[in-house]
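**Q** Turn this into a model:
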Amino acid sequence: MAAQSNGAGTQESTDWVSRYADDVIAESERRAPGKPVVVASGLSPSGPIHLGNLREVMTPHLVADEIRRRGYQVRHLISWDDYDRYRKVPNGVPGIDASWAEHIGKPLTSVPAPAGSAYPNWAEHFKAAMVEALAALGVEFDGISQTAQYTSGVYREQILHAMKHRGDIDAILDQYRTKKAPAKKQQKPQDEAEVEAAEGSGAAAEDDGSGGAGGYYPYKPFCGQCGKDLTTVTGYDDGTTELSYTCTLDGFTETVRLSEFDRGKLVWKVDWPMRWAYEGVIFEPSGVDHSSPGSSFQVGGEIVTLFGGERPIGPMYAFVGISGMAKMSSSKGGVPTPGDALEIMEPQILRWLYARRRPNQSFKIAFDQEIQRLYDEWDKLAGKVADGSVLPADAAAYSRAVGTAAGELPRTDRPLPYRTLASVADVTAGDERQTLRILAELDPQDPVTDLSAVRPRLDKAETWISKYVPAESRTIVRAEPDTEALAALDEESRKSIALLLDGLDSHWSLDGLTHLVYGVPKVQAGFPADATAKELPAEIKVAQRTFFALLYHLLVGRDTGPRLPTLLLAVGAERVRKLLAA
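**A** As a prediction, this is how the structure comes out:
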């Protein structure tokens, strides 16, 4: 595990990632000197793997990447818990119906994929979308299928060991069975969809193997007849490893030799610590559902010693919410996934959201208008990085967002403001010829000549407009002048429009039109167009808002809309004159 100097990558412990990296390296040197550092994540492909689950991956990824930047070898394991039981039929998944309930209790890899899927089973269908998103995010990992591990006999020795020490395991579990977790103060989800997003895989509440008539057994076979885990172990012989069980669903009974049997798994609270010891995991975070007293992570810290290991170090990570969830869930169902987020934001932005907040801090991911403010904040940060005025912790988060130890992620060559691109996409409805015309006129001194220069950011903004902005909020430019409204204009309004139209040609750029539309009310009030806010009375702001509302009404039939300079460029000078000429 020898390190080499890599000063460019090391963040000098300026942020939470570096501090955890320090701890993980020290712990790895203590536990497994000279070996690669092992960090881990666990994901259950029981349905769409959502943005809350992504924190399970991004937290160790960011730490692993910092360790790689320092020259160490690291393995980031993602255990696909695809041998978990199918617990419920999720909401909002296309291609399934109530009939999928008949598969509850089977391993996820034994459940059919949704209708029309290209994948062989339920687990592979939902794993595939996550793998694609992780590739786009630059996450390097070693995937482990728990179905493959169990059914190939990889864990056979560990299973027999657990059964031999079932009394010790039961005694550990029994210390916690009557304890109740204290009430926790945490951010509350705001609606049903966010409640679903806040839920874990369900494993935290899984049966721990207790309650059987024949005593405690930490192993659960899948029934040889129905394939489900609705079984009860009725007997086990340590010498012969003969195990008998009965299926409570169909009454099927079977006696097998566990030293040769691979159709079952350890119960979750034993399975997880067994894997910590087997893989030598040094760092693994856990969600709130695994972190209360008596839960998997806490109990696992004692059970892992029976397998000769130690519990990983790692934080509890907090809730990830969604801004705009209520509107979105009503239209598309379910909760958003990393793939959904990557349709509307560049990978760097999504990485930044997870990098800039400590794991125990909750945050929201924007699918509503807030995404425009988020991009403004990101672009401002990029500017500070470029001019050297950025704070160290912000610089660290930015560095982790734009790339990994392997190099920078692909980026937009010319990152125009997201809100500008969204406004253009809104007005043009994605027409490439019109889009290029408008973007070329934003800055005549340095015109955009090829849309590839503003992609993929342009594509993300277009997708956001088309998928997540309600139809009633979309901008539709009038086809003909509102003659009635024009005829009813008072003298002041006519003069303001005349000043605007007179200045169109000489101000035809984004900056020029910004100066013009803000300047017209100033000039009308007898001030210079370039007078600053400090030089003006408060009434000017009121006059500006009134003028803006007038223009929006005459151009798009509403009191608000995209930023006026962008809207005017999008409409075009000739059409603006047609719609505003009284």
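**Q** Might one say that residue 277 is in contact with residue 311?
**A** No: under the criterion of CB atoms under 8 Å, residue 277 is not in contact with residue 311, lying 9.6 Å apart. Every residue, glycine included, has its C-beta placed from N, CA and C.
**Q** if I look at the two, which residues touch both of them?
**A** For the pair residue 277 and residue 311, residues contacting each of them under the criterion CB atoms under 8 Å, 6 or more residues apart in numbering are residue 304.
**Q** can you give me the strands for this protein?
**A** Using DSSP state E, the strands found in the chain span residues 37-43, 74-80, 142-145, 219-221, 231-236, 242-247, 253-257, 264-266, 286-287, 316-317, 320-323, 363-366, 403-404, 407-408.
**Q** Each with direction, which strands does the last one pair with?
**A** When pairing is defined by DSSP bridges, strand 407-408 lines up against strand 403-404 (antiparallel).
**Q** Just the residues contacting the strand it pairs with, thanks.
**A** Contact partners of strand 403-404, identified using CB under 8 Å, 6+ apart, comprise 65, 68, 138, 140, 409.
**Q** any idea of the mean pLDDT in that strand?
**A** Here strand 403-404 scores 98 as its mean pLDDT.
**Q** how about the strands of the chain, which one is nearest residue 164?
**A** Counting by CB to CB, residue 164 lies closest to strand 231-236 out of the strands of the chain; the figure is 9.6 Å.
**Q** Help me confirm that residue 253 comes into contact with residue 245.
**A** Yes: because the distance of 7.1 Å satisfies CB under 8 Å, residue 253 is recorded as touching residue 245.
**Q** most remote residue from the chain's center?
**A** residue 491 (53.1 Å; CA atoms, centre = their mean).
**Q** hang on, the earlier thing: please say which of residue 253 and residue 245 ends up with more neighbours.
**A** For residue 253 and residue 245, the more surrounded residue by other CB atoms under 10 Å is residue 245, and the numbers stand at 26 against 13.
**Q** still on that earlier bit, give me the common contacts of residue 253 and residue 245.
**A** Shared contacts of residue 253 and residue 245, defined by CB under 8 Å, 6+ apart, are found at residue 234.
**Q** on that earlier part again, for the contacts of strand 403-404, work out which two are farthest apart.
**A** Set against one another by CB to CB, these have their most distant pair in 68 and 409, with a gap of 15.2 Å.
**Q** of these two, who's got more company?
**A** Higher neighbour count among residue 68 and residue 409: residue 68, with 20 against 16, using other CB under 10 Å.
**Q** ok, and the closest non-adjacent residue to the more buried one?
**A** Leaving aside its chain neighbours, residue 68 sits nearest to residue 405 (3.8 Å; criterion: CB to CB, 6 or more residues apart in numbering).
**Q** Please verify my assumption that residue 224 contacts residue 261.
**A** No: using CB under 8 Å, residue 224 is not in contact with residue 261, being 9.9 Å away.
**Q** more neighbours, those two?
**A** In this comparison of residue 224 against residue 261, neighbours counted by other CB under 10 Å, the higher total goes to residue 261 at 18 against 15.
**Q** so residue 48 sits right up against residue 127, yeah?
**A** No: judged on CB under 8 Å, residue 48 makes no contact with residue 127 at a distance of 11.1 Å.
**Q** Now the common contact residues for these two.
**A** Shared contacts of residue 48 and residue 127, counting by CB under 8 Å, 6+ apart, come down to nothing at all.
**Q** tally of neighbours for the residue lying closest to residue 216 once chain neighbours are set aside?
**A** Across the structure, with CB to CB, 6+ apart as the measure, the residue nearest residue 216 apart from its sequence neighbours is residue 170 (3.8 Å). A count of neighbours around residue 170, defined by other CB under 10 Å, yields 17.
**Q** Tell me the confidence at residue 170?
**A** At residue 170, the model reports a pLDDT of 95.
**Q** Next, the contact list for it, please.
**A** 209, 210, 216, 218.
**Q** separation between the last one and residue 88?
**A** By that I understand residue 218. Summarising the geometry, the distance separating residue 218 from residue 88, computed by CB to CB, to the nearest Å, is 24 Å.
**Q** Could you do the first one as well?
**A** Counting by CB to CB, the gap from residue 209 to residue 88 is 21 Å.
**Q** Neighbour count: those two, which is higher?
**A** In terms of neighbours (other CB under 10 Å), residue 209 is the more surrounded of residue 209 and residue 88; the figures are 23 against 11.
**Q** Spit out the contact partners of the more buried one.
**A** For residue 209, the contacting residues are 169, 170, 173, 216, 217, 218, 219, 220, 267, 269, 270, by CB under 8 Å, 6+ apart.
**Q** Look at the third one and report its pLDDT.
**A** pLDDT for residue 173: 93.
**Q** Check what pLDDT the nearest residue to it once chain neighbours are set aside gets.
**A** With CB to CB, 6+ apart as the measure, residue 208 is the residue that lies nearest to residue 173, at 5.5 Å, once sequence neighbours are left out. pLDDT, the model's per-residue confidence, is 78 for residue 208.
**Q** Residue 174 is in contact with residue 208, correct?
**A** No: Residue 208 is beyond contact range of residue 174, at 9.9 Å (criterion: CB under 8 Å).
**Q** Compare the two and say which is more crowded by neighbours.
**A** In this view residue 208 and residue 174 are compared by other CB under 10 Å, and residue 208 has more residues nearby, 21 against 12.
**Q** so what's the more buried one up against?
**A** For residue 208, the set of contacting residues under the criterion of CB under 8 Å, 6+ apart consists of 173, 218, 267, 268, 269, 270.
**Q** Take those and write them to CSV, including distance to residue 380 and neighbour count.
**A** Conversion of the contacts of residue 208 to CSV gives the following (distance: CB to CB, whole Å; neighbours: other CB atoms under 10 Å):
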residue, distance to residue 380, neighbour count
173, 52, 21
218, 54, 25
267, 50, 21
268, 45, 25
269, 46, 28
270, 50, 30
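**Q** Redo those residues as JSON lines? Include distance to residue 463.
**A** Supplementary listing: the contacts of residue 208 in JSON lines, determined by distance: CB to CB, whole Å:
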{"residue": "173", "distance to residue 463": "48"}
{"residue": "218", "distance to residue 463": "47"}
{"residue": "267", "distance to residue 463": "43"}
{"residue": "268", "distance to residue 463": "38"}
{"residue": "269", "distance to residue 463": "42"}
{"residue": "270", "distance to residue 463": "44"}
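**Q** Return the distance of the residue nearest to residue 68 relative to residue 73.
**A** The value you get for residue 405 to residue 73, if CB to CB is used, is 11 Å.
**Q** Looking at the two now, which is surrounded by more residues?
**A** In terms of neighbours (other CB under 10 Å), residue 405 is the more surrounded of residue 405 and residue 73; the figures are 18 against 14.
**Q** if I look at that one, how far off is residue 37?
**A** Applying CB to CB, one obtains 13 Å for the distance of residue 405 from residue 37.
**Q** ok, now residue 30?
**A** The separation that residue 30 has from residue 37, given CB to CB, amounts to 12 Å.
**Q** So the two - more neighbours on which side?
**A** Neighbours around residue 30 and residue 37, counted as other CB under 10 Å, are more numerous at residue 37. The numbers are 26 against 10.
**Q** could you list every residue that touches that one?
**A** Contacts of residue 37 (CB under 8 Å, 6+ apart): 1, 24, 25, 28, 64, 67, 72, 73, 74, 75, 282, 283.
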